[in-house]
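S.K.: my questions concern the predicted model and sequence given below.
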Amino acid sequence: MKGLFKSKPRTPVDIVRQTRDLIIYANRSADVRESKREDKMAELCKNIRELKSILYGNSESEPVSEACAQLTAEFFRENTLRLLITCLPKLNLEARKDATQVVANLQRQQVHSKLIASDYLEANIDLLDILIAGYENTDMALHYGAMLRECIRHQSVARYVLESQHMKKFFDYIQLPNFDIAADAAATFKELLTRHKSTVAEFLSKNYDWFFAEYNSKLLESSNYITRRQAVKLLGDILLDRSNSVVMTRYVSSRENLRILMNLLRVRYFPRMHVEDIFYLAYQKLQGTEPVTFDKISLHMESSKSIQIEAFHVFKLFAANQNKPPDIVSILVANRSKLLRLFADFKTDKEDEQFEADKAQVVKEIAGLEPRDRP
């Protein structure tokens, strides 16, 4: 007879609904008995873990597409995404991690061949304000940052962030003293500027003046080695993308931009590095397999040419421009002997035929320059 009274297995829809009820309870239960609250919060954390298991599968089974579709449809039907995001600070660390993975996965789930998360976020665009502001909260930054990167997979969402005042905040977030948060913000910044080509090209064309003024002064001329290195690498990725050809032509026609790139080109040693930069470099070099010693750190600092190499990939665009303004030509001519000496023994750590071909072309362009009269 016992078999007749077994509880019916919960469906994905049931779990989402119960999760929603528990989140609502958590948000309004400040004055309830502590033991009851703890039980409810434990149940909420368990539900979030189950949602994650449905979406990702587990050691015993792969995710079932029908179950994932049911879960996704119910999640966006009654604002559960908003509730979960705003409730995140009240969860324990493990539940926050699970919730982050749930929100991230939902951005990729299709219901009837449609990414319904995109429509939901367009209708609830203020959620992006909450996620971006998360970078100002040490406890929430990495969770909200991971969610944010998944949300901007949707072009409409990325466009909102690019066109908002939030973009200016990223120049400060990237330089936060907390290395993990700064690195996460840098990853989001890169995603915003590289994922949706047409939207990025439109944004850069409309916002060229303030964006590159901030980019140059706060990132390329930062006193932080890692900030400069990441910034010049990203700049190369942006300018070398065909969709940004108009922006690239404008960038390489500026003598101020050329000055900054020439300064980056001549960087060989990093005497004013931050302590965290030094140990990060040591970690990258040794990968945790050898004891960290200051001799090895110093050796790596002096031999590293990563900024120079990345700066070269941008500098070559100035040299290759067939319509160089007269002031660009005059700067290159005035510095010709120094540049040619630099490139004579300018090599990558590994053999790179493309790099050598690019360098040869740059040398040829600079060597053949003739001074022009300024208009």
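M.R.: Okay, I see it.
S.K.: okay, CA-based contacts and neighbour counts for the rest of this
M.R.: OK.
S.K.: could you measure from E66 over to E256?
M.R.: In this structure, E66 and E256 are 57 Å apart, going by Cα to Cα, to the nearest Å.
S.K.: how near is the residue nearest in space to the middle of the chain to N79?
M.R.: Nearest to the mean C-alpha position of the chain, counting by Cα atoms, centre = their mean, stands A187 at 1.8 Å. Distance, A187 to N79, using Cα to Cα: 28 Å.
S.K.: what's the answer for T11, then?
M.R.: T11 sits 19 Å away from N79, taking Cα to Cα as the criterion.
S.K.: in the chain, what helix or strand scores lowest on average pLDDT?
M.R.: Every helix and strand in the chain was compared by mean pLDDT, DSSP states H and E; the lowest is helix 294-303, with a mean of 39.
S.K.: what comes up buried for stretch 57-73?
M.R.: Of the residues in stretch 57-73, those buried by neighbour count under the rule 16 or more other Cα atoms under 10 Å are 68-69, 71-73.
S.K.: can I get those in a markdown table with distance to D327?
M.R.: Listed next are the buried residues of stretch 57-73 as a markdown table, based on distance: Cα to Cα, whole Å:
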| residue | distance to D327 |
| --- | --- |
| C68 | 60 |
| A69 | 60 |
| L71 | 61 |
| T72 | 58 |
| A73 | 59 |
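S.K.: taking those one by one, which sit in helices?
M.R.: Where these overlap with helices, as defined by DSSP state H, the overlap consists of 68-69, 71-73.
S.K.: now those residues as CSV including distance to H143 and pLDDT?
M.R.: Rendered in CSV, the data for those read as follows (distance: Cα to Cα, whole Å; pLDDT from 0 to 100):
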residue, distance to H143, pLDDT
C68, 22, 96
A69, 24, 96
L71, 21, 96
T72, 20, 96
A73, 23, 96
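S.K.: closest to A104 out of the residues you listed?
M.R.: Taking Cα to Cα as the measure, A104 sits nearest to T72 out of those, at 11.8 Å.
S.K.: and the pLDDT for K6?
M.R.: With respect to pLDDT, K6 has a value of 55.
S.K.: for K347, same thing?
M.R.: In this prediction, K347 carries a pLDDT score of 82.
S.K.: gap between the residue lying closest to it once chain neighbours are set aside and D237?
M.R.: Distances taken as Cα to Cα, 6 or more residues apart in numbering put E356 closest to K347, at 7.9 Å, once the chain neighbours are dropped. Distance of E356 to D237, given as Cα to Cα: 19 Å.
S.K.: which of these two has more neighbours?
M.R.: When neighbours are counted by other Cα atoms under 10 Å, E356 and D237 differ, and D237 comes out ahead with 17 against 14.
S.K.: can you tell me how far A185 sits from R108?
M.R.: When Cα to Cα is the yardstick, A185 and R108 sit 22 Å from each other.
S.K.: ok, these two, which is more surrounded?
M.R.: Of the pair A185 and R108, A185 is the one with more neighbours under other Cα under 10 Å, namely 28 against 18.
S.K.: grab the nearest non-local neighbour of the more buried one.
M.R.: Distances taken as Cα to Cα, 6+ apart place I174 nearest to A185, at 5.4 Å, with adjacent residues excluded.
S.K.: for burial, what's the neighbour tally of that neighbour?
M.R.: If you count neighbours by other Cα under 10 Å, I174 ends up with 25.
S.K.: again with M140
M.R.: Once other Cα under 10 Å is used to define contacts, M140 is seen to have 18 neighbours.
S.K.: check contacts around it.
M.R.: Remark: with contacts taken as Cα atoms under 8 Å, 6 or more residues apart in numbering, M140 is in contact with 89, 134.
S.K.: 10 Å instead?
M.R.: 88-89, 93, 96, 131, 133-134, 181 (Cα atoms under 10 Å, 6 or more residues apart in numbering).
S.K.: pLDDT at it, what is it?
M.R.: At M140 the predicted local confidence, pLDDT, stands at 96.
S.K.: and the next helix or strand past the host helix or strand of L128?
M.R.: In this structure, L128 sits in helix 126-133 according to DSSP states H and E. Next helix or strand after helix 126-133 toward the C-terminus (DSSP H and E): helix 141-151.
S.K.: orientation of that next one relative to helix 126-133 in degrees?
M.R.: 140 degrees (axes from the mean of the first three to the mean of the last three Cα atoms, to 10 degrees).
S.K.: show me the shaky parts of this structure.
M.R.: When the per-residue scores of the chain are filtered using pLDDT under 70, the ranges that remain are 1-7, 29-33, 267-304, 372-375.
S.K.: what's the closest non-adjacent residue to A158?
M.R.: Spatial nearest neighbour of A158, excluding adjacent residues (Cα to Cα, 6+ apart): I152 at 4.6 Å.
S.K.: I'd say that neighbour and T199 touch.
M.R.: No: proximity of I152 to T199 does not meet the contact threshold set by Cα atoms under 10 Å, at 11.8 Å.
S.K.: who's more crowded, those two?
M.R.: The neighbour count for I152 versus T199, taken as other Cα under 10 Å, is higher for I152 (23 against 19).
S.K.: give me the helices and strands touching the longest helix anywhere in the chain, please.
M.R.: For the chain, the helix that runs over the most residues, judged by DSSP H, is helix 34-56. With contacts defined as 3 or more Cα pairs under 10 Å, 6 or more residues apart in numbering; DSSP states H and E, helix 34-56 has these neighbours: helix 12-28, helix 65-77, helix 93-106.
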